[in-house]
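K.L.:
here's my sequence, what's the structure:
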Amino acid sequence: MRRSVLYIEDNEKIGSLLKEELEQRGFSVQWLLSGEGAEREVNQHEIVILDIMLPGLDGFTVGKRLKKAAPAVPILLLSARTSIDDKVDGLQFADDYVTKPFHTDELVARLEVLIRRKGGTHSERISLGNQIEVDPEGQMIFDKRTGEEIILTGKQHQILMYFLRHPNQVLTKEQIYEAIWEEAYITGDKTLMVHIHRLRQKLERHPDSPEIIETLKGIGYRVKL
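P.N.:
Sure thing, here's the model as predicted:
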């Protein structure tokens with residue numbers, strides 16, 4: 001079975017060469033010259049290869065939107081940018097980061113690892129506390145006591161999935177807000193706090209003494225797995 005790749009690269013020479021190389025190695029490749037329309041396509045593929053320097057929206061912005069649209073689909077970033085800051089920024093949402101120039105053998109090996117990792121989690125559900133279970137592939141949340149699905153709003157769902165992509169990490173309010181709302185956090189803004197309060201009401205046995213979404217006073221939040 002041919003593995004399906006969504007490849008976003010505006011350089012036609014590089015794009016054409018890599019598409020051909022990947023197809024020769026057994027991949028099926030949909031190649032886009034920009035991020036326009038990528039959100040409509042991402043769920044049809046097993047993995048995304050994303051260049052950072054794109055016309056219009058840059059790869060960081062496109063990547064964050066793709067991760068929201070399809071959290072279970074791995075993203076591999078390609079970039080000529082080699083600074084640590086760029087890599088750290090990219091790995092906030094991407095699953096791997098490869099700098100140009102690269103060797104196709106290494107790129108394919110990294111793709112295979114990410115696809116295997118994704119495949120390995122298909123049937124695994126994530127337990128949160130004693131009462132919540134998350135199906136990462138189906139993007140569904142269940143109450144283990146009743147077996148019923150817990151319905152979240154769009155923002156609540158995005159916040160929870162962001163925590164699950166960064167398990168056991170202390171995340172600042174600024175990090176979470178800017179990742180979800182894609183705009184600068186303004187000190188004192190209560191929007192995130194309200195959404196987390198409502199999310200706790202749906203997930204926690206005792207929302208006033210939360211066990212799943214921890215508050216670290218003066219710092220931010222953490223979800224332990």
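
K.L.:
check which helix or strand covers Met161.
P.N.:
Per DSSP states H and E: Met161 is located in helix 154-165.

K.L.:
any idea of the mean pLDDT in the following helix or strand past that helix?
P.N.:
Reading on from helix 154-165 to the C-terminus, the next helix or strand found by DSSP H and E is strand 171-172. Mean pLDDT, strand 171-172: 94.

K.L.:
which element follows the helix or strand of the chain with the lowest mean pLDDT toward the C-terminus?
P.N.:
Ranked by mean pLDDT, DSSP states H and E, the weakest helix or strand in the chain is helix 104-120, scoring a mean of 83. Going down the chain from helix 104-120, the next helix or strand is strand 126-128, by DSSP H and E.

K.L.:
Arg165 and Pro74 touch, don't they?
P.N.:
No: between Arg165 and Pro74 there is no contact, the gap being 11.1 Å when judged by C-beta atoms under 8 Å. For glycine as for every other residue, the C-beta is placed from the backbone atoms N, C-alpha and C.

K.L.:
those two: which has the busier surroundings?
P.N.:
Pro74 (21 against 15; other C-beta atoms under 10 Å).

K.L.:
which ones are touching that one?
P.N.:
Each residue near Pro74 by C-beta atoms under 8 Å, 6 or more residues apart in numbering is listed here: 46-48, 95-96, 114-115, 117-118.

K.L.:
how about a cut-off of 7 Å?
P.N.:
By C-beta atoms under 7 Å, 6 or more residues apart in numbering, the residues touching Pro74 are 47, 95, 114, 118.

K.L.:
go on, Ile219?
P.N.:
Counting by C-beta under 7 Å, 6+ apart, Ile219 touches 170, 172.

K.L.:
please repeat the previous calculation with a cut-off of 10 Å.
P.N.:
By C-beta atoms under 10 Å, 6 or more residues apart in numbering, the contact set of Ile219 is 170-173.

K.L.:
same check, this time on Ile126
P.N.:
Contacts of Ile126 by C-beta under 10 Å, 6+ apart are 132-136, 141, 164, 167, 223, 225.

K.L.:
partners of it in the sheet?
P.N.:
Note on Ile126: beta-bridge partners by DSSP bridges are Val134.

K.L.:
ok, back up a step: and the least confident helix or strand of the chain, what's buried?
P.N.:
107, 110-111, 114-115, 118 (16 or more other C-beta atoms under 10 Å).

K.L.:
same for it, what does it pack against?
P.N.:
Contacts defined by 3 or more C-beta pairs under 10 Å, 6 or more residues apart in numbering; DSSP states H and E place helix 104-120 against strand 3-8, helix 12-24, strand 27-32, strand 47-51, strand 75-79, strand 96-99.
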